[in-house]
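**Student:** no sequence on this one, just coordinates:
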């Protein structure tokens, strides 16, 4: 980076991304283009972004725990499964045009919005977490595949994880969010290791970005607990619509 304001830009962008990723997801769709704009090759931007993602999820997990929200050991089981998938995903070389990929992801995001809006509402008093037995194994299998995508690029996966946990495991959105943050932390450590071993990380840039990510994640985790499921649902819908429009029309 050649200009002093690049550092300030990274911190500001990191804060926004950390907040967005912790409450909903899709923040990497902001940070990756910024890193590329600053001159990093796409693969290096992808690897460098993982430094901030790891710090972000450490702070997010700590924030949820400070409010008494933890889903251990369920999140550990899912995280280990996703970790193995992430190692595979980080090594996969996919030859796909960026524009094509973005439009496919945009369609996925629109589907997510429709699910959020039209899925029959689960009344909070009727929610009974199902995190053992059959539902646990379904989660372990699903999160292996989530991990593959997470290891590859990660952008937008948070939306899918939250909805999966909410509707399959019948967790509240707050507890789904807390689980998501912990799982992403676990598999991101594996993905980051792969990128480091392949010299795809610029630590100075990643750590500066991580300052903003960490602060945003800490704040978002505590706010989401205080505001509850209604806040998270609204934030999810707004962010998915914004990300879908961005991906489809502004590649």
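**Tutor:** Here it is on my side, so go on. Note that the coordinates shown come from a computational prediction; the quantities given were computed from them, not determined experimentally. Residues are numbered from 1 along each chain as shown.

**Student:** give me the number of residues near residue 11?
**Tutor:** Residue 11 has 16 neighbours, counted by other C-beta atoms under 10 Å. Where you see a C-beta, it was placed from the backbone N, CA and C, and this is true even at glycine.

**Student:** for residue 77, give its distance to residue 68.
**Tutor:** 21 Å (C-beta to C-beta, to the nearest Å).

**Student:** which of those two has more neighbours?
**Tutor:** Using other C-beta under 10 Å, the more surrounded residue of residue 77 and residue 68 is residue 77, with 18 against 7.

**Student:** can you tell me the closest non-neighbouring residue to the one residue sitting closest to the centre of the chain?
**Tutor:** By C-alpha atoms, centre = their mean, the chain has its centre lying nearest to residue 158, at 4.0 Å. Nearest non-adjacent residue to residue 158, counting by C-beta to C-beta, 6 or more residues apart in numbering: residue 25, 2.1 Å away.

**Student:** so where does that neighbour fall, helix or strand?
**Tutor:** Residue 25 is part of no helix or strand, with elements assigned from DSSP states H and E.

**Student:** that one and residue 132, how far apart?
**Tutor:** For residue 25, the distance to residue 132 - C-beta to C-beta - is 26 Å.

**Student:** same check, this time on residue 249
**Tutor:** The gap separating residue 249 from residue 132 is 44 Å, by C-beta to C-beta.

**Student:** now swap in residue 72 and tell me
**Tutor:** 14 Å.

**Student:** between the two, which has more neighbouring residues?
**Tutor:** A count of neighbours by other C-beta under 10 Å puts residue 72 above the other of residue 72 and residue 132, at 13 against 10.

**Student:** dump the residue contacts of the more buried one.
**Tutor:** Contact partners of residue 72, counting by C-beta atoms under 8 Å, 6 or more residues apart in numbering, are residue 182.

**Student:** mind listing the strands for this structure?
**Tutor:** Shown for the chain, no strands are assigned by DSSP state E.

**Student:** where in the protein is pLDDT low?
**Tutor:** Scanning the chain for pLDDT under 70 picks out 1-2, 93-106, 108-109, 112-113, 115-117, 119-127, 246-247, 250-251.
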